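**Q** got a sequence here, can you build the structure:
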Amino acid sequence: MIPNICLDAGVITLYYQKDPPDAILALMDTVKQKTATTFVPAEILVEAFKHLCVSNGKDYATRAIQSFYQTMPIDVVVPSLEIILQAGQLKCQHRSKLSYNDCVAIAIAQQERATLHTTEKEFPPLKGLKVKTYEF
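**A** Predicted coordinates for the structure are as follows:
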C-alpha cells in the first residue's frame with residue numbers, strides 16, 4: 001500500500017523557488033512517480049500562488065500554479081462539510097497557533113491518514129497527525 005501525503009503551501013512555494021532544497025525535490029519526485037497518493041487542499045494552492053506572486057510576480061505565479069495543477073498527479077481537495085467542521089474545531093482550539101489553511105490541511109491529513117508535509121514549525125501536538133517539516 002502506498003502512503004498518503006498532504007502538501008502545505010510552503011512546500012509548493014519552495015519547489016518553485018530558484019534552487020529548491022534537495023529534500024523538496026525528492027518529495028516532488030515521489031509525487032511525480034506516484035509512489036504516494038498526494039492530497040492538496042484547494043486553499044493551499046491559493047496560498048502558494050500568493051507567496052509566489054509576492055516573490056516572483058503574478059505571471060510567474062500563474063505559470064507555476066497552472067503547471068503544478070495540470071502536471072502533478074495530485075488530488076485537489078475541496079473541503080467537505082466534515083472537513084469544514086473539523087478544521088473549524090481545530091481553529092477554535094488553537095486559534096493563536098494555527099492559520100485557517102493549516103487547520104484545513106491538518107483536517108484533510110487526519111481524514112486521509114496522510115503525513116502533512118509543511119514548512120510550519122509551531123504545530124501543537126495533535127492526535128493522529130504525522131508531520132514532516134522542511135526548512136524554509
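**Q** next, Val40: secondary structure please.
**A** At Val40 the chain is in strand, as set by DSSP: H, G, I helix; E, B strand; the rest coil.
**Q** what's the neighbour count on it?
**A** 25 (other C-beta atoms under 10 Å). To be clear about C-beta, it is placed using only N, CA and C from the backbone, and glycine gets the same treatment.
**Q** from what I can see it touches Asp75, true?
**A** Yes - using C-beta atoms under 8 Å, Val40 makes contact with Asp75 at a distance of 7.2 Å.
**Q** dump stretch 101-115 to CSV, keeping only the CA atoms.
**A** C-alpha atoms of stretch 101-115 as CSV (Å, rounded to 0.1, in the frame of the first residue of the first chain):
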residue,chain,number,x,y,z
ASN,A,101,-5.2,27.0,5.9
ASP,A,102,-3.2,25.0,8.5
CYS,A,103,-6.4,23.8,10.0
VAL,A,104,-7.9,22.7,6.7
ALA,A,105,-4.6,20.9,5.7
ILE,A,106,-4.5,19.2,9.1
ALA,A,107,-8.1,18.1,8.9
ILE,A,108,-7.6,16.6,5.5
ALA,A,109,-4.3,14.9,6.6
GLN,A,110,-6.1,13.4,9.6
GLN,A,111,-9.0,12.2,7.5
GLU,A,112,-6.8,10.6,4.8
ARG,A,113,-4.3,9.3,7.4
ALA,A,114,-1.7,11.2,5.5
THR,A,115,1.6,12.7,6.6
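**Q** quickly find the element holding Ile83.
**A** Secondary structure assignment for Ile83, by DSSP states H and E: helix 81-93.
**Q** got the CA coordinates for that helix in PDB?
**A** Provided in PDB are the C-alpha atoms of helix 81-93 (Å, rounded to 0.1, in the frame of the first residue of the first chain):
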ATOM      1  CA  LEU A  81     -18.700  19.600   5.500                       C
ATOM      2  CA  GLU A  82     -16.900  17.100   7.700                       C
ATOM      3  CA  ILE A  83     -13.600  18.700   6.900                       C
ATOM      4  CA  ILE A  84     -15.000  22.200   7.400                       C
ATOM      5  CA  LEU A  85     -16.300  21.300  10.900                       C
ATOM      6  CA  GLN A  86     -13.100  19.500  11.900                       C
ATOM      7  CA  ALA A  87     -10.900  22.400  10.600                       C
ATOM      8  CA  GLY A  88     -13.200  24.900  12.400                       C
ATOM      9  CA  GLN A  89     -12.900  23.000  15.700                       C
ATOM     10  CA  LEU A  90      -9.100  23.000  15.300                       C
ATOM     11  CA  LYS A  91      -9.100  26.700  14.700                       C
ATOM     12  CA  CYS A  92     -11.300  27.300  17.700                       C
ATOM     13  CA  GLN A  93      -9.000  25.200  19.900                       C
END
